[in-house]
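Chemist: just the structure for this:
(chains A and B)
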Number of protein chains: 2
Amino acid sequence: DGGSYDAVHDASSPAAGDCCAQQSSAQHNWEMNYQEAAIYLQEGENNDKFFTHPKNAKALAAYLFAHNHLFYLMELSTALLLLLLSLCEAPAVPMLRLGIYVHATLELFALIVVVFELSMKMRWLGFHTFIRHKRTMVKTCVLFVQFIEAIVVLVRQTSHVRITRALRCIFLVDCRYCGAVRRNLRQIFQSLPPFIDILLLLLFFMVIFAILGFYLFSPNHSDPYFSTLENSLVNLFVLLTTSNFPDVMMPSYARNPWSCVFFIVYLSIELYFIMNLLLAVVFDTFNDIEKRKFKSLLLHKRAAIQHAYRLLITKQRPTGVSFKHFEGLLRFYKPRMCARERYLTFKALNQSNTPLVSLKDFYNFYEVVGLKWKAKRNREHWFDDLPRTAFLIFKGNMSRLNDTMHSTNTVVAVNGIWILVETFMLQGGNFFSRNVPWSYIVFLTIYGVELLLKTTGLGPVEYLSSGWNLFDFAVTLFAFLGLLALAFNMEPFYFIVVLRPLQLLRLFKLKKRYRNVLDTMFELFPRMASLGLTLLIFYYCFAIVGMEFFAGVVYPNCCNTSTVADSYRWVNHTVGNKTVVEEGYYYLNNFDNILNSFVTLFELTVVNDWYIIMEGVTSQTTHWSRLYFMIFYIVTMVVMTIIVAFILEAFVFRMNYTRKNQDSEEDNGIVLEKEITKEEVIGIIELYKRSSAATETSQLQKIVLQMDKYGQMSTLFLGRRSRTKSDLSMKMYEEEIQEWYEEHARKEESQTPLQEPAPASNNPLKPLSLRHRSQTVI
Amino acid sequence: DGGSYDAVHDASSPAAGDCCAQQSSAQHNWEMNYQEAAIYLQEGENNDKFFTHPKNAKALAAYLFAHNHLFYLMELSTALLLLLLSLCEAPAVPMLRLGIYVHATLELFALIVVVFELSMKMRWLGFHTFIRHKRTMVKTCVLFVQFIEAIVVLVRQTSHVRITRALRCIFLVDCRYCGAVRRNLRQIFQSLPPFIDILLLLLFFMVIFAILGFYLFSPNHSDPYFSTLENSLVNLFVLLTTSNFPDVMMPSYARNPWSCVFFIVYLSIELYFIMNLLLAVVFDTFNDIEKRKFKSLLLHKRAAIQHAYRLLITKQRPTGVSFKHFEGLLRFYKPRMCARERYLTFKALNQSNTPLVSLKDFYNFYEVVGLKWKAKRNREHWFDDLPRTAFLIFKGNMSRLNDTMHSTNTVVAVNGIWILVETFMLQGGNFFSRNVPWSYIVFLTIYGVELLLKTTGLGPVEYLSSGWNLFDFAVTLFAFLGLLALAFNMEPFYFIVVLRPLQLLRLFKLKKRYRNVLDTMFELFPRMASLGLTLLIFYYCFAIVGMEFFAGVVYPNCCNTSTVADSYRWVNHTVGNKTVVEEGYYYLNNFDNILNSFVTLFELTVVNDWYIIMEGVTSQTTHWSRLYFMIFYIVTMVVMTIIVAFILEAFVFRMNYTRKNQDSEEDNGIVLEKEITKEEVIGIIELYKRSSAATETSQLQKIVLQMDKYGQMSTLFLGRRSRTKSDLSMKMYEEEIQEWYEEHARKEESQTPLQEPAPASNNPLKPLSLRHRSQTVI
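Modeler: Just a heads-up that it's a prediction; the model follows:
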């Protein structure tokens, strides 16, 4: 019964609950409160707005159904299936071509799954919120269109022009796992207004120079670049990317050397000034958005914690949350956490010595809940427990370790030079068929010995916990596999030998700046990946449009009438008795299937010689095709500028941070230390025993046994997690954060006369609360 | 005699002087002190180190000789002459070719002038300081080498390989007027260490990928790009600049589509990651240097002010500087300042109501001395003094002005579209020979009317004081001249017509962001110009080296054996009865004279297709020539990255500043208000009368007359100057500046037990002082 839960403290009903409720109902209420508090905290963490909070039991059921990894995976795989369908739909990748019937059915199936997902969401949000939620509404519309089109394809048994396929990305963007992509897109759209302003300035100067250029150079008939205003505009647009640079100048330069002034001025203004201005503006906006985002996220988390706190306090003890209720919350918030960790988290939160966690302490919830707890060992080396002889051997290794470090680095450098010289000596041909070179074996042996020394010195666990050691290990392993491949002549594995130069990467840990760079790189990696994915989503849209319009328009010798004919030429001479093939190769840059389109779009992103691709396609279609290429250029320019701004921001932020905290110790992430006494453990065991949670009880009892074994009265535990960007920001904006909080509190106060920690039965946030309504429903 | 100077305050000898000196000697001492204080203040302003301070009368004479605009101009023109000589030396620009005898004599003459300049400097600095001054020593060495070479040329009557001509730049860099260039160069060198670190990372990955690429692609015999390790390295270096992008991939891509992964990974790492990292590191270093530079400049100025202050206080009144002494200082520091302005500057400095300026107030010297003072007018419009009828007319104009503003902007927009459409309609040919189009006249009339309205409304002086109005005026004037040229068919002036589209620039004042951008641009302009000049100096060095090695190596059809033969082809077909010329034009990108070299180097800076130039030259010389091009690329990369970082820094700084001061009023530069009463003016007149300064006296009497005329007892003066970067920095670093001062004061105190404002006869700074020694010499 419910009473048993209240053994540690007195029997109490939830503060935000109804005081006349029955005991059993109170127990039920508490479970509901735990769950709702956990949902609030999740919403705070994921930056979900509170108006999507489930409002009744039906909504809760739908919410729980739609918020677990199984459902997320289904979402993701459906979205991926839809996107991958474009590999099989005409124009398909030859190997993956599917019948229309097959791929249309697959599509319909995927769309039906999406309908199911959406209906779950509607159930959870309620019709009104569903309508108000913009992203979901767009998704619904796209779904509708896709559905109709898929049915049309099935009925007609032939694929029509389906540019709407480009909209399939929205299914991926809406996935729970793609939250980072959504944030990127939002940030891109927020950076747009200032970007567009400067872009207009850029285009404006382009138009002015196009008119000037037309007036100045069109009298020269040997100059094809400025013969009409349209040509003039197009060529200056291409010149903006420098892609046609000396060529566009040459005819006029040959006639009058001073005409180079026109081009120099144009490039100085457009490329070296306004383009950088663009970067400056985006960088500045980006910084600003980044800070505002951090602020709003911080305040949102705080609000979530307030909501959760209000659901956990009791009327009898309104000043804090007891462990019993905290434990109840964590059961829903982090079901996999073991009892020991729950208690340690509680202790880490609790700054005072009272048995209750106050609201002020509870604000640190997100910082503390991520910590991984481990008992602190007293022994210095991993081999302290081993027999005496082994201990001495390992101890010797340990002391030799630091000497070997430097000599190993020398060996790596020598190896690098060796590889370079060796490769330089090779003159083409099948250099793999030779025997294993002795140098290979020598270096590999040295690496092997170093690896052995290190592993034994540091212990396998600690050795592999460092990223650099892991890298060393992987490279050495690969080198060994390469050796085996060479020794046993296994041709398909030769590629491993090719990876040998990667060993040189080890040299980078020598210099502090490189280590910093690489550390920052690893920190940035998730964000970079999400930016890359964002770029790929843009690619996908453009690839679909490109395929619909330009599939099959370029082929060898297609563009003999255009100015870029040479690049598309494919001629098969016979000189003497030898066949010479003259290839322009550019016909390979086509939109014939989605993979080719991606490569073509990457080439357009790199920008060099992109006008050859543009002119090739244009000569086969209309000159309106240029719009596609120009818009693509501008879109990638936006995304790339933002990526550059992001990298800049991240590194500059990091460097500022390092400069600001120069004196403080080398940081190894967040570390917290907490001590637990035996009595405490026994107390918790009592608590769990009453709620008959057998696994937790036995776990805790192990700790007691451990303590007994070593005769300790208490154990020290270390909580550890890696430092995130949010931690860095917390420290950087330290002074401002207090202001934000005060400003926020003032704003809230002016809206509602809310007394923060006091439990008010007429709580103004109650209408949002699930508990109230669930009582009437269940 | 000296007593007369001390009328305002009592007779006093300089605090830092010898108290037993005679009266006449005291007077002389005062003049010397004024001059030395002025020199200190100049040194503070120009950031000249104090160890170059003239130490005796001979040094002072040389110092004064070497520190005036005539001498500076001589320095500059000598340096320019030496640089321009390369236009006439073989390989010369055809039109400017001079005989060897002529240009060698000119060179010797210029070098002798430099010798003279250096000897003056030696006289001023003294031999020991001269030796210690690094820049001057380098200059002396270069001068020596140049001298010998010039004589050798004269004797042999033929020019030998003179790469040392590249060092001539040092004469320009050392000019007083090129201080900004020197600062830029210093900043570039300071940014180098982190830059080189990341550059090494870049090159390291290049080498790894070159080895990988060689292993992967050299078996493909149709792939010329990776056939040897050297080719592989060169092509990946070029790929770093994206210059050969899709081409370098094509042969392997045609064979195996997955090989594109190699190139995508390479470009992603090198171009999109490390290159941006480079920018981030340089940007960060740049920011840091910029702040440190500002700090050291600020402290240097402060020290200069302290030095000057110590020379101006008297033993009797050690707490401040009287106007008499301040005026004496300004006579040397700003000889062209009139008496009224001197007094206003004094009043502006003097924050207390005592007749003395304390050291604390004196610290503001540099901020105040630049102000331009004007009597504040009481009338609202410029035409208030005109007769009644005229007043009403102008008044009417004034009120109509704001309405016309918007309509004019509409007209400009319409005109812009009109020009665009009109130009679009033209299809080549001699579009100038037609009659004057009516649209031209209509728009010009509208602009004329607007100009008239504005001039009469605001008054000609105020109208032209705004940069935007000046621009409007210039554009309208040009349009009018263009009209005349068209009407009277004056062909050489047609270019004016071509400038018509520039009118569209007016539209930019509409939007606040554009106005900000353009304002910042104007603020940046001096700095941008100096950066441009720095780049040109690098260009000059490379141009000389290029000419010495590659002059005359490329010509039409020169490179038929190389891979870039097409670009150098020049074929003269006869198709039917028409002569068709097929031109590759790249032979125009040569090093045949210095102007051509500059254009070629600009093309190399823009980077696109630079490998064609490189390969062309390489095919005619050795493959070591590539080093020249690669080094040039890296050097321009450094300079360009720093230019980008500078633009970024400037704009981000400006935007931060705007954001920080959002609430404060629109700023129109620094404005200060000071009131002078009649008695004060009469007091100063008395002072000047005694020193028999007739012009000053009459000037001041005019003010008194003016006051009498309007019956005022006092006049209000407004001091105004435009805001500089230094002012912005002052405001941005407000909080830190106090810390710097304190830290500096602490450091100084620990070095010498110096009591700041107290006049100490055993002043620790005395050894630097000119006065002490000058007494013993004269």
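Chemist: pick out the residue of the stretch 501-650 of chain A closest to chain B.
Modeler: Distance from chain B to each residue of the stretch 501-650 of chain A (CB to the nearest CB) is smallest for A:Y585, at 3.6 Å. Yep, even glycine has a C-beta here, placed from its N, CA and C like the rest.
Chemist: what's the helix or strand for the residue of the stretch 101-250 of chain A found nearest chain B?
Modeler: Of all residues in the stretch 101-250 of chain A, A:M250 sits closest to chain B, at 3.6 Å by CB to the nearest CB. A:M250 belongs to helix A:245-255 when assigned by DSSP states H and E.
Chemist: buried ones in that helix?
Modeler: A:245-254 (16 or more other CB atoms under 10 Å in any protein chain shown).
Chemist: same deal with stretch A:218-235?
Modeler: Result for stretch A:218-235 [16+ other CB under 10 Å]: buried residues A:218, A:220, A:223, A:225-229, A:231-235.
Chemist: let me know the closest of the residues you listed to A:Q190.
Modeler: A:L233 (30.3 Å; CB to CB).
Chemist: state the distance from that closest one to A:L212.
Modeler: Distance, A:L233 to A:L212, using CB to CB, to the nearest Å: 12 Å.
Chemist: quick revisit: just the buried residues of stretch A:218-235 that are near chain B?
Modeler: The residues of the buried residues of stretch A:218-235 that also fall near chain B, by CB under 8 Å from any CB of the partner chain, are A:218, A:227-229.
Chemist: pLDDT wise, what is the residue nearest to A:S714 when sequence neighbours are not counted at?
Modeler: Nearest residue to A:S714 in three dimensions, chain neighbours excluded: A:T677, at 4.3 Å (CB to CB, 6 or more residues apart in numbering or on different chains). Per-residue pLDDT puts A:T677 at 81.
Chemist: do the same with the one 10 residues further on
Modeler: pLDDT, the model's per-residue confidence, is 79 for A:L687.
Chemist: tell me if the helix or strand hosting A:H744 is near chain B.
Modeler: Using DSSP H and E, A:H744 sits within helix A:734-751. No - Helix A:734-751 lies out of reach of chain B by CB under 8 Å from any CB, never closer than 11.4 Å.
Chemist: which residues does that helix contact?
Modeler: By CB atoms under 8 Å, 6 or more residues apart in numbering or on different chains, the surrounding residues in contact with helix A:734-751 are A:295, A:298-299, A:302, A:730, A:754.
Chemist: strands along chain A, start to end?
Modeler: A:372-375, A:570-575, A:578-583, A:670-677, A:714-721 (DSSP state E).
Chemist: hang on, the earlier thing: restricted to helices, list the ones next to chain B among the buried residues of stretch A:218-235.
Modeler: Using DSSP state H, the subset of these located in helices is A:L229.
Chemist: pLDDT check: weakest of the ones next to chain B among the buried residues of stretch A:218-235?
Modeler: A:S218 (83).
Chemist: ok, it touching A:Y225?
Modeler: No - using CB atoms under 8 Å as the test, A:S218 is too far from A:Y225 to be in contact (9.7 Å).
Chemist: quick one on the thing from earlier: looking at the strands of chain A, which is buried most?
Modeler: Highest mean neighbour count among the strands of chain A (mean count of other CB atoms under 10 Å in any protein chain shown): strand A:714-721, with a mean of 17.
Chemist: describe which strands it pairs with in its sheet and in which direction.
Modeler: Strand A:714-721 has the following strand partners under DSSP bridges: strand A:372-375 (antiparallel), strand A:670-677 (antiparallel).
Chemist: got the domain boundaries for chain A?
Modeler: Annotated domains of chain A cover A:54-176, A:185-271, A:286-381+A:665-740, A:388-508, A:523-625 [the TED database].
Chemist: quick one: name the residues of the stretch 501-650 of chain A near chain B.
Modeler: A:501-502, A:504-505, A:508, A:511, A:513-514, A:517, A:521, A:566, A:581, A:583, A:585-586, A:588-589, A:595-596, A:599, A:602-603, A:606-609, A:612-613, A:640, A:643-644, A:647-648.
Chemist: what's the burial count for the nearest residue to A:F51 once chain neighbours are set aside?
Modeler: Nearest non-adjacent residue to A:F51, counting by CB to CB, 6+ apart: A:T129, 6.3 Å away. Neighbour count of A:T129, defined by other CB atoms under 10 Å in any protein chain shown: 18.
Chemist: please report the distance of A:T129 from A:E603.
Modeler: 45 Å.
Chemist: what does A:D609 give?
Modeler: Applying CB to CB to A:D609 and A:E603 gives a distance of 8 Å.
Chemist: next: A:E649.
Modeler: 28 Å.
Chemist: okay, these two: which has more neighbours?
Modeler: A count of neighbours by other CB under 10 Å puts A:E603 above the other of A:E649 and A:E603, at 25 against 18.
Chemist: nearest residue to the more buried one in space, please, no chain neighbours.
Modeler: B:P246 (4.8 Å).
Chemist: contacting residues for that neighbour?
Modeler: Applying CB under 8 Å, 6+ apart, the residues contacting B:P246 are A:585-586, A:589, A:603, A:606, A:608-609, A:612-613.
Chemist: gap between it and B:D519?
Modeler: 42 Å.
Chemist: where does A:F651 land on pLDDT?
Modeler: 82.
Chemist: tell me how far it lies from A:M528.
Modeler: 12 Å.
Chemist: could you do A:Q35 as well?
Modeler: On the measure of CB to CB, A:Q35 and A:M528 end up 36 Å apart.
Chemist: how about A:H325?
Modeler: 41 Å.
Chemist: compare those two (neighbour count), which wins?
Modeler: Counted by other CB under 10 Å, A:H325 and A:M528 do not tie: A:H325 has more neighbours, with 26 against 18.
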